[in-house]
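Here is a sequence with its predicted model. Questions after.
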Amino acid sequence: MEFDFWWLPGAALFFALGWLASRKESSKQTSDSKSALPEAYLRGLQSLLGDDQVRAIDAFTDLVRKEPDSLELHLALGHLFRRKGETDRAIRVHQNLLARQDLSPEKRAELLRELALDYIKAGLFDRAEQSLQSLSDSPLAYEAQKLRLDLAQRVRDWPLALSIAKAMLAKATPTQQDVPGPQLLAHLLAEIAQLALQQGNHSDASKALQEAKAQDPDHPRAWIDECLIHIGLCDQEKADDMAMAVLERWPEHAARLADRWLCMKDTSQDSSEGAVLSKIDRFAALEKAYVIEPSYDLLAPLLAYLQAQQGEQACLRFLTQHQAHHKGSLSLLAHLKRRESIPLDDGAMLRAVRLMLEPLASRSARYVCRHCGFQANRHYWQCPGCNQWDRYAPQRADERALN
């Protein structure tokens, strides 16, 4: 979940317009003559509309000096300070306002929220958490919970994020908007499982993943992570079952388990019931997934397996056989690299072409967040740029463009 700050200049503008309306109404009651608009007010509006934050701040600062008791003007100024990145000045504005004794409970809650946003923008997450916790009994309690949930995910406090999300669900009304969904709960539980694995606690990790699967049975992450746990424990029968389930339901995510699954010790000869798969069976299952959802991240472990087991010529045969399925620049470069060694081809020319294309491919063959556009060389469940979940497609950008 992400909090957007794009509306802040508009909010400042509305505050200023409200102040102007009250001033004009007051002037009409006291005098029949038309009073000129304050010069600082006009400068502030013009600067806001022209997106000149520096001049807008100067103009509204001048207004605040002339109207020191105007709460709305102070709020507008705090908005502008925060948007410009001058969080220390925004914090001082809101702290000074909170020290006033004439604030209503609603205004005090609003100021605490603004102060929390200042702290978040400044990276002072512990202070932001304190300000948001103080809003638990206010009219802004649910909004504060949403900000706390976002904050807990930013600092990667997954247990806290899960508890906040469940508390929000428990208090949500049927018409409540922005309620945490099962997808988010499944991701948070999967992150908690990763923490348990880092501590060597496989039992707690498995329990968390089982709960994640119950929360969102149609999301692949918990199934993939559980498969990787069984691979790590060398439990081949369960690993095979989970891997085949993932490949059947989500072949586009086959690359997430391909390398480690292929490298598992082959115990098929030790099984009298034939419940486990051989490496050849696993390779065949992954090859089938590649035909359905081709990607370089799946092609690379398949070629590495063939290289180790059968050599360079086997890799070339595989690439030639599946040439129609290669999508994206990295897959095509892998094919070019193997063809360089064939005497009948102009290997030197192919090598020169490949070397020229490699830097271009490294720039175009990236994963791109569909929310903020953040580019990465690997797939993430949660975007590092905007903290949104499931915003990366399983395929790289150039592979998706060819679909």
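The structure has been received and is ready for your questions.

The stretch 301-403 of the chain: helices as residue ranges?
Per DSSP state H, counting those that start in this stretch, the stretch 301-403 of the chain has helices spanning 312-321, 329-339, 347-364, 397-401. These are given in chain order.

Lowest average pLDDT across those?
Out of those, the stretch the model trusts least by mean pLDDT is helix 347-364, with a mean of 62.

Excluding residues flanking it in the chain, which one is nearest residue 154?
With sequence-adjacent residues excluded and distances taken as CB to CB, 6 or more residues apart in numbering, residue 154 is closest to residue 387, at 6.2 Å. Just so you know, the C-beta spots here come from the backbone N, C-alpha and C atoms, and that holds for glycine as well.

Next, count neighbours for that neighbour.
Neighbouring residues of residue 387 were enumerated by other CB atoms under 10 Å; the total is 16.

Residue 231 too?
Neighbourhood size, residue 231 [other CB under 10 Å]: 21.

tell me the contacts of it?
When contacts are counted by CB atoms under 8 Å, 6 or more residues apart in numbering, residue 231 touches 239, 257, 260-261, 264.

and if we set it to 7 Å?
With contact set as CB atoms under 7 Å, 6 or more residues apart in numbering, residue 231 has these partners: 239, 260-261, 264.

Would you check how far apart it and residue 107 are?
Taking CB to CB, to the nearest Å as the criterion, residue 231 is separated from residue 107 by 57 Å.

How about residue 329?
57 Å.

Compare neighbour counts for the two and give me the winner.
When residue 329 is set against residue 107 and neighbours are counted by other CB under 10 Å, the residue ahead is residue 329, at 21 against 15.

now the helices for the stretch 151-300 of the chain?
Counting by DSSP H, counting those that start in this stretch, the stretch 151-300 of the chain forms helices over residues 158-171, 182-198, 202-215, 221-232, 236-249, 255-262, 279-292, 296-309, given from the N-terminal end onward.

so how far is the shortest one from its chain's centroid?
Averaging C-alpha positions (CA atoms, centre = their mean, to the nearest Å) puts helix 255-262 24 Å from its chain's average.

the inter-axis angle of that helix versus helix 221-232?
Counting by axes from the mean of the first three to the mean of the last three CA atoms, to 10 degrees, helix 255-262 lies at 20 degrees to helix 221-232.

what inclination does helix 255-262 have with respect to helix 236-249?
Per the same axes, to 10 degrees, the angle that helix 255-262 makes with helix 236-249 is 150 degrees.

residues making contact with helix 255-262?
Where contact means CB under 7 Å, 6+ apart, the residues beyond helix 255-262 that reach it are 224, 227-228, 231, 239, 243, 246, 279, 282-283, 286, 295, 297-298, 301, 305.

and what of the longest one?
Outside helix 182-198, the residues within contact range by CB under 7 Å, 6+ apart are 158-159, 161-162, 165, 204-205, 208-209, 211-212, 215-216, 219, 221-222, 225, 381-382, 389-390.

For it, buried residues please.
When neighbours are counted by 16 or more other CB atoms under 10 Å, the buried residues of helix 182-198 are found to be 184-193, 196-197.

which outside residues touch the helix or strand harbouring residue 97?
With elements taken from DSSP states H and E, the one containing residue 97 is helix 87-98. For helix 87-98, the external contacting residues (CB under 7 Å, 6+ apart) are 71, 74, 77-78, 81-82, 108, 111, 114-115, 118, 121-122.

Please apply the same query to stretch 204-224.
Counting by CB under 7 Å, 6+ apart, residues outside stretch 204-224 touching it are 182-183, 185-187, 189-190, 192-193, 196-197, 225-226, 229, 242, 245-246, 250, 253, 256-257, 381.

now this protein, which segments are flagged as low pLDDT?
Flagging of the chain using pLDDT under 70 yields the residue ranges 1-71, 73-74, 266-275, 340-364, 401-403.

let's see 80
For the chain, the stretches flagged by pLDDT under 80 are 1-81, 84, 93, 96-97, 100, 102-103, 172-177, 265-276, 324-365, 398-403.

And the helices of the stretch 151-300 of the chain: which comes nearest residue 372?
helix 182-198 (17.4 Å; CB to CB).

pretty sure residue 319 is touching residue 337, no?
No: distance between residue 319 and residue 337: 9.4 Å, which falls outside the contact criterion (CB atoms under 7 Å).

Between these two, which is the more surrounded one?
residue 319 (23 against 18).

contacting residues for that one?
Applying CB under 7 Å, 6+ apart, one finds that residue 319 lies in contact with 334-335, 338.

can you rerun that using 10 Å?
For residue 319, the contacting residues are 299, 302-303, 306, 325-326, 331-332, 334-339, by CB atoms under 10 Å, 6 or more residues apart in numbering.

Buried only: go through the residues you listed for me.
Among the contacts of residue 319, those buried by neighbour count (16+ other CB under 10 Å) are 299, 302-303, 306, 326, 331-332, 334-339.

TSV for these, including distance to residue 290?
Converted to TSV, those look like this (distance: CB to CB, whole Å):
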residue	distance to residue 290
299	7
302	7
303	11
306	12
326	10
331	10
332	15
334	13
335	14
336	18
337	18
338	16
339	19
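
Give me the buried entries from the contacts of residue 231.
So, of those, 239, 261, 264 end up buried under the neighbour-count rule (16+ other CB under 10 Å).

Go through these and name the one nearest residue 365.
Distances from residue 365 to the buried ones among the contacts of residue 231, taken by CB to CB, are shortest for residue 261, at 23.5 Å.

Tell me how far that closest one lies from residue 387.
Residue 261 sits at a distance of 30 Å from residue 387 (criterion: CB to CB).

Quick check: what element follows the helix holding residue 97 along the chain?
Taking DSSP H and E as the definition, the helix or strand that follows helix 87-98 towards the C-terminus is helix 105-122.
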